[in-house]
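Trainee: Dropping a prediction and its sequence here:
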Amino acid sequence: MRPSQTWLATTTLLLILQHSEMKHGTPLSEDFQLNPSTRHHHRHRHKQTEAPYLEPLVDRKFKYSFYDPLVSFREKTYLDRSLIGYDLIVDDRQNDWLNMSKDQISELKDKKHQHWPIKREAVIEGDLVLGGLMMVHERSDNRTCGPVMPQGGVQALETMMYTLDIINHKLKLIPGVTIGAHVLDDCDRDTYGLEMAVDFIKGSISNIDDAEYACNATAMRKVISGVVGAASSVTSVQVANLLRLFKIPQVSFFSTSPELSNKARFEYFTRTIPSDLHQVRAMVEIVRKLGWSYVSIIYEESSYGIKAFEELEALLARNGICIAVKEKLVKDSGVADERAYDDIVQKLLTKPRARGAIIFGSDQEVAGVMRAVERVNATGAFSWVGSDGWSARALVSDGNERAVEGTISVQPQANDVKGFKEYFLGLNVKNNKRNPWFVEFWEDHFQCRYPGSPKTPYNGQYARSCSGLERLTDNNTEFERQLQFVSDAVMAFAYSIRDMHVEVCGGRHGLCDAMRPASGSDLLRYLRKVNFTGLSGDEFHFDVNGDGPARYNILHFKQVSRGVYHWVKVGQYLDGELQLHVNEIQFKWGERRPPESVCSAECELGQAKQYVEGESCCWHCFNCTQYEIRSPYVETACMVCPRGTLPDPTRTECQPIPEAYLRPDSAWAIGAMSFSSVGILLTAFVCGVWVRHSSTPVVRASGRELSYVLLAGILMCYLVTFALVFRPTDILCSIQRFGTGFCFTVVYAALLTKTNRISRIFNASKHSAKRPILISPSSQLAICTALVSIQVLIVVVWMIVAPARAMFHYPTREDNMLVCDSYVDASYMIAFFYPIVLIVVCTVYAVLTRKIPEAFNESKHIGFTMYTTCVIWLAFVPLYFGTASHVPLRITSMAVTISLSASVTLVCLFSPKLYIILIRPERNVRQSIMPVRYSRKPPTLNIPHPQSKKPPCADKETQTDPADFNKLTNGQTVQSKDDKQNERNDKNIIDTKSDKLKDDLKCNNVKPSHDDKSVTMNEKVESL
């Protein structure tokens, strides 16, 4: 801080101090004239002769003796003429009420107690002095201070003085150095506490070298080395801002606001109690453990409550817990009346489903809430989760047991200060004169008026006088559970002063000049590093934020027996982990189950939420539809299950539908494979017969090469069935796509080649005697191969453009079919298109060649085959597209149709020939193939011819040499050894004979009969 700022702050504080020295308009000079001794009545007296002698602290009942410290205390009251009155004779030199007679004091205080409170201080002399700021009194709505606070006030003060006694007289931490105390009361009010804290900086101001700024320069004030307190967080914030200006370290014992962990703002503030941030986390964990999702929050209007509420709100939201009601308890702006507390309870009752409530406040405010709950008879409506500010406080629970019952509170873990209980129970008014507020405590505790004590706003109703024989006992005294933090705060200062003394003064006896006074910034540095074992037996050290260790006890207020209530420990919160013994919790007598605190019951499985407008935790439930589940991402919406999945019975997730495909062990597949297997055997049988009788006229006349091609195509048709019935994969789908079209192409390409050959031969015979081209076996194979290659090209291009793959198909919401992609979009028609064209062309040729005479004529058989095939496929098309939702039937129908088409071809084309070869082998000869009536020697026509060299109208090229007819004997053909040569000779003979016959008939004007025409045609066929 810059020097100019320091002087500005100092000047301001001097004005405050001057104003505090002249109360109620009494001039300073007049005050000096009236009582010169008042000039120094705020200061410590350093001579032991000025302090009254105190008898040793002995309680014979407990046989407990303790040190006899030299103590002194002063009461300060601002007297004016209107208060004293002229009829009262007052000693000009002594205005302390302890030096007056009891009757004078009572008369004086009974006249006017509206000037309450009387400013008092508890002083323990020492070489170094620690300031103390205690909330000895509660806050009041119409007065600066309320009634005395027994636990958090008087007991905390006594703990501080007890710890100093231990340090100075038993431990003797610092050789030759004693630590004193200057303790004031802040009445749990931040503004009044700030006014009291001004006393702590007077020594720092009066000791400034410049006389211009000296205050009461005739005496030196003791510099306060550090301040223990305040208890309330809001007061600590105000005091910390003041002490920071003068670099006075401060250690609080009950201030838990997270705001105070900010060392950028509160550099000189530390505390022995953990931050509320840890406490808030523990409270949220308790709420979660109890299964609550809808709670109310009541927090006090202070730094302690507001900061905790902010953390609570964030943590609750993060854990999905909603806040029903948020209410503030008046704190900084005054004290609320009963009507304000009644309004808060009525607001809580507007949310009856929020039975759980978190109260983050101090005991005085929470006690007002509990009284309001009692007034409206709502003791069974709420279950409380409390903060350390009112946990296990008699001020809250006494008289409000039914309302407080079931409370689970969080309290920083603290053990008893060893020896303090016996010390405190041994105190009485006579042996504890160093505590100026002990008389008030005694009157409040025993509900009596102590003789000679000044009248206060709170002891006037006591009709009974205290006898002085009353004793504090275990049965009538409730102890504050967190006194360890007060003791640890004092011990932390003592150990930091010791460490500083060792380093600065070298451990010499007494204080050295370097520590007169001790530097606040240096002392703060030693303070943050202390590590010691306190009077409670626990190890203590400050964390990086200057806070105490995060250790909490979980306390529970319940009936241990009918009508008897106690706070009991039911768990602890250590290092972020909650350990709660739920079986020990009893919210009401006989009720161990935690009450339900939810706005709306959780929706049933398969239901989504519809939130009530303006409410974040209240909703209506609605059912999802048949194929929906509640969205796992948004609880207010239903989600449609993807295709191929259906909601499970609980409607919480979509389960995949079992994939459907034609399984090999199904009846459909077994039937299709059985049919195909029979066809394969028959095809193999025919092929074997053909190989065995390959040289017979029937086999040779049917065209061996094309017959083998035809049998190969039929065999592939049967084999495709096996590719269809197994579980689809990408490879099997590729085989199916290629095989289904290819096998048909081979069959019908061979048939087309045959029908085309027959048609060309007989069409050519009508126009020319010249033999048609490309009718040889090799030519036929070439033509067939060309026709098949077109199909191969089509399928290869198709496979490149759109590779075959197995996929899931969902014709309906409840179907999940594993099929090849060609089944889904009917792209199989690409594979079938070309075979269909071949079928149509074959059928046309079959129609065109239907009148060719029998003999070697296969056209009729081919025609019957094509007609039957067309009928089969015409029946298959509607069956295939009509069974889209029934995969087994659809695939089976395709497999059977393919096998049936192959079977028709096999039966119609090969069964007649098998009949001749196997059953009528005698017909497997040439004369059987060429009927007798057409194969005999043509009759001689008695037509006269002119005597010329050659017959008229005869063409030399078409005449037959008579010697050629010698090769025909009884209608049978005599074959030569060279088959090929004989075949060629046979063809030439037949052609020549036919042409000769036609020329003879034409030249002689003789019309051939129908039989003659048949003979000619059969001869033509035979030549093939």
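Mentor: Done, it's in.
Trainee: Is the spatially closest residue to Arg757 that is not a sequence neighbour in a helix, a strand, or coil?
Mentor: Spatially, and ignoring its direct neighbours in sequence, Arg757 is nearest to Ile775 (5.4 Å; CB to CB, 6 or more residues apart in numbering). The way it works is simple: take the backbone N, C-alpha and C, and place the C-beta from them, glycine included. Taking DSSP: H, G, I helix; E, B strand; the rest coil as the rule, one finds Ile775 in the coil state.
Trainee: if I've got this straight, Arg339 is in a helix?
Mentor: Yes - when classified by three-state DSSP, Arg339 is found to be part of a helix.
Trainee: could you measure Val907 against Glu705, distance?
Mentor: For Val907, the distance to Glu705 under the criterion CB to CB, to the nearest Å works out to 21 Å.
Trainee: just Val570 next, same as before
Mentor: In this structure, Val570 and Glu705 are separated by 100 Å, where distance is defined by CB to CB.
Trainee: Which one's more surrounded, the two?
Mentor: For the pair Val570 and Glu705, the greater number of neighbours falls to Val570 (19 against 15), based on other CB atoms under 10 Å.
Trainee: ok so that one is a strand residue?
Mentor: Yes - residue assignment for Val570, taken from three-state DSSP, places it within a strand.
Trainee: I'd say it and Phe587 touch.
Mentor: No - counting by CB atoms under 8 Å, Phe587 is not a contact partner of Val570; they are 11.7 Å apart.
Trainee: quick one: the strands in the stretch 751-900 of the chain?
Mentor: Counting by DSSP state E, counting those that start in this stretch, the segments of the stretch 751-900 of the chain that form strands are 806-809, 817-820.
Trainee: Figure out which of those strands is closest to Leu681.
Mentor: Distances from Leu681 to each of the strands of the stretch 751-900 of the chain were compared using CB to CB; the minimum, 27.9 Å, belongs to strand 817-820.
Trainee: Now do that closest one: which elements does it pack against?
Mentor: If contacts are counted by 3 or more CB pairs under 8 Å, 6 or more residues apart in numbering; DSSP states H and E, strand 817-820 sits against helix 730-767, strand 806-809.
Trainee: hmm, 6 Å instead?
Mentor: Applying 3 or more CB pairs under 6 Å, 6 or more residues apart in numbering; DSSP states H and E, one finds that strand 817-820 makes contact with strand 806-809.
Trainee: In three-state terms, how would the residue nearest to Pro117 when sequence neighbours are not counted be classified?
Mentor: Closest residue in space to Pro117, ignoring its immediate chain neighbours: Cys145 at 4.1 Å, by CB to CB, 6+ apart. Three-state assignment for Cys145 (three-state DSSP): coil.
Trainee: who are the neighbours in contact with Glu735?
Mentor: That one is not Glu; residue 735 is Ile. The neighbours of Ile735, taking CB atoms under 6 Å, 6 or more residues apart in numbering as the test, are Ala723.
Trainee: next one: the one 10 residues further on
Mentor: Listed by CB under 6 Å, 6+ apart, the contact set of Thr745 reads 788, 791, 835.
Trainee: any chance of those in TSV, plus distance to Asn168?
Mentor: As requested, these are exported to TSV (distance: CB to CB, whole Å):
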residue	distance to Asn168
Val788	117
Gln791	113
Pro835	115
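Trainee: Any stretches of the stretch 101-250 of the chain with poor pLDDT?
Mentor: For the stretch 101-250 of the chain, applying pLDDT under 70 flags the ranges 101-115, 206-221.
Trainee: try it again with 50
Mentor: 101-114, 207-220 (pLDDT under 50).
Trainee: can you check the chain too?
Mentor: Across the chain, the stretches falling below the confidence threshold (pLDDT under 50) are 1-8, 14-114, 207-220, 855-856, 931-994, 996-1024.
Trainee: Geometrically speaking, which residue is the centre of it?
Mentor: Nearest residue to the geometric centre of the chain (CA atoms, centre = their mean): Tyr633, 9.1 Å.
Trainee: hmm, who's touching stretch 369-378?
Mentor: Around stretch 369-378, the neighbours that count as contacts under CB under 6 Å, 6+ apart are 341-342, 345, 379, 400, 403-404.
Trainee: and those residues, which two are the farthest apart?
Mentor: Farthest pair in these (CB to CB) is Asp342 and Val404. Separation: 17.4 Å.
Trainee: Going by how many neighbours each has, rank the two and give me the top one.
Mentor: Neighbour totals were compared for Asp342 and Val404, and Val404 leads with 27 against 18 (other CB under 10 Å).
Trainee: what phi and what psi does the backbone show at the closest residue to that one other than its chain neighbours?
Mentor: Beyond its immediate neighbours in the sequence, the residue positioned closest to Val404 (CB to CB, 6+ apart) is Ser397, lying 4.8 Å away. Ser397 has phi and psi values of phi -80, psi -30 when expressed as degrees, to the nearest 10.
Trainee: Just give me the neighbour total for Ser397.
Mentor: Neighbouring residues of Ser397 were enumerated by other CB under 10 Å; the total is 24.
Trainee: That one reaches Ala403, doesn't it?
Mentor: No - counting by CB atoms under 6 Å, Ser397 sits too far from Ala403 to count as a contact (8.9 Å).
Trainee: on that earlier part again, check contacts around the residue nearest to the centre of the chain.
Mentor: Taking CB under 6 Å, 6+ apart as the contact definition, Tyr633 lies against nothing.
Trainee: sec struct for it, please.
Mentor: Three states are possible here, and by three-state DSSP the one that applies to Tyr633 is coil.
Trainee: any idea how far Leu535 is from the spatially closest residue to His278 that is not a sequence neighbour?
Mentor: When the adjacent residues along the chain are set aside, His278 lies closest to Ala550, with 4.0 Å between them (CB to CB, 6+ apart). With distances taken as CB to CB, Ala550 is found 21 Å from Leu535.
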